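Okay, predicted coordinates and the sequence, questions at the end:
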Amino acid sequence: EEKLRQIRKDLDMHVSGVDVAKPCIAFAHFGFDEALVDNIVKHGYSEPTAIQKQAVPVALSGRDIIGIAKTGSGKTAAFIWPMLIHIMDQPELQTGEGPIGLILAPTRELAGQIYTEAKKFAKCYGLRVAAVYGGASKMDQFKELRPGGIEILVGTPGRLIDMVKMKATNFRRVSFLVLDEADRMFDLGFEPQVRSICDNIRPDRQTLLFSATFPKKVERLAREVTTAPVRISIGNVG
Ligand code: ADP
Ligand code: MG
């Protein structure tokens, strides 16, 4: 217990919630299979970042997370790696065609960055990733989603809703949901779309919400869309 406190203190980490999994200080301790660890190491990562050390074991334990850490702290991989493990564990992986892992991002640029990061790690398992966002052809995105299905979908809220309306995809299989950059989602006025999407996904899903800042309105949304979350914050961010 004393050692655990010291590890979190050294990482400037604040954790709240009951029965929280212990942080892992090395990639080798996450329990990932060799292919994923090799891939991570090949990308030049030598050690998990602070948020990864705590968020990955908590996510792997099936818990919801509210993660608060500044930009550049490695939040993307902190949710992508557990998402891959979650998907590989799903019995319905071979059937259906909607995504199992869904990631909401506030902008086209961010959706693109998450797509790139997801794709490089999803390769280990042969999982398919797609991204949808405004400012690009709906028809092209429609066509990308239709044939054969996908396991991971990244998108901006408005375009995701459009794609569901067009029946390019559906949220029936989604059991791992990520809301990334929740604070920016609010700044850009996407709160109603985000709520609408969350309301249309099975409530027994696993939900991870990440934000660089944590104002009251984000906290309210976070409490509503998660169940018994573990809150992890790094540094003095709220
Ligand atoms: P955030 O979402 O917190 O702003 P990102 O997930 O975009 O941060 O990561 C920031 C940068 O750090 C990216 O270039 C990413 O590839 C890199 N990165 C992520 N995890 C690690 C790690 N464990 N070691 C080294 N670099 C990492
Ligand atoms: Mg990010």
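Nice, I can see it. Ligands and ions are numbered 1, 2, ... in the order given.

contacts, neighbours, all on C-alpha from now
Noted.

how would you label Leu93: helix, strand or coil?
On the three-state scheme (DSSP: H, G, I helix; E, B strand; the rest coil), Leu93 is labelled helix.

got it, and Leu153?
Look at Leu153: counting by three-state DSSP, its state is strand.

Can you name the residues that contact it?
Leu153 makes contact with 99, 101-103, 129-132 under the criterion CA atoms under 8 Å, 6 or more residues apart in numbering.

What residues of stretch 136-156 count as buried?
138, 141-142, 144-145, 149-156 (16 or more other CA atoms under 10 Å).

Tell me which two in the contacts of Leu153 are the farthest apart.
Gly101 and Val132 (13.9 Å; CA to CA).

And the strand or helix carrying Arg184, what's buried?
Per DSSP states H and E: Arg184 is located in helix 182-187. Within helix 182-187, the residues scored as buried using 16+ other CA under 10 Å are 182-186.

residues making contact with the following helix or strand past that helix?
Per DSSP H and E, the first helix or strand lying C-terminal to helix 182-187 is helix 191-199. For helix 191-199, the surrounding residues in contact (CA under 8 Å, 6+ apart) are 104, 157-158, 161, 185, 225.

any low-confidence regions in the protein?
Regions of the chain meeting the criterion pLDDT under 70 cover residues 147-148, 238.

Next to ligand 1, which bits of it? Give me the list.
On the criterion CA under 6 Å from any ligand atom, ligand 1 has as its neighbours in the chain the residues 45-49, 70-77.

What's the PyMOL line that selects buried ones from those residues?
Per 16+ other CA under 10 Å, the buried members of the residues of the chain next to ligand 1 correspond to this PyMOL selection:
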select buried, resi 48+49+70+73+75+76+77
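
picking up where we left off before, more neighbours, Gly101 and Val132?
More neighbours surround Val132 than the other of Gly101 and Val132, with 28 against 25 (other CA atoms under 10 Å).

Just list whatever residues bridge to the more buried one.
With DSSP bridges as the criterion, the beta-bridge partners of Val132 are Gly155.

which ones are touching it?
Counting by CA under 8 Å, 6+ apart, Val132 has contacts 111, 141, 153-156, 159-160.

and with 10 Å instead?
Going by CA atoms under 10 Å, 6 or more residues apart in numbering, Val132 touches 104, 108, 111-112, 115, 138, 140-142, 144-145, 153-160, 162-163.

how far away is it from ligand 1?
Taking CA to the nearest ligand atom, to the nearest Å as the measure, Val132 falls 18 Å from ligand 1.

so how far is Lys123 from that residue?
19 Å (CA to CA, to the nearest Å).

hey, what's in contact with both of Gly101 and Val132?
Overlap of the contact sets of Gly101 and Val132 (by CA under 10 Å, 6+ apart) consists of 153-154.

Would you format the contacts of Leu153 as CSV with secondary structure included?
CSV is the format used below for the contacts of Leu153 (three-state DSSP):
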residue, secondary structure
Pro99, coil
Gly101, strand
Leu102, strand
Ile103, strand
Val129, strand
Ala130, strand
Ala131, strand
Val132, strand
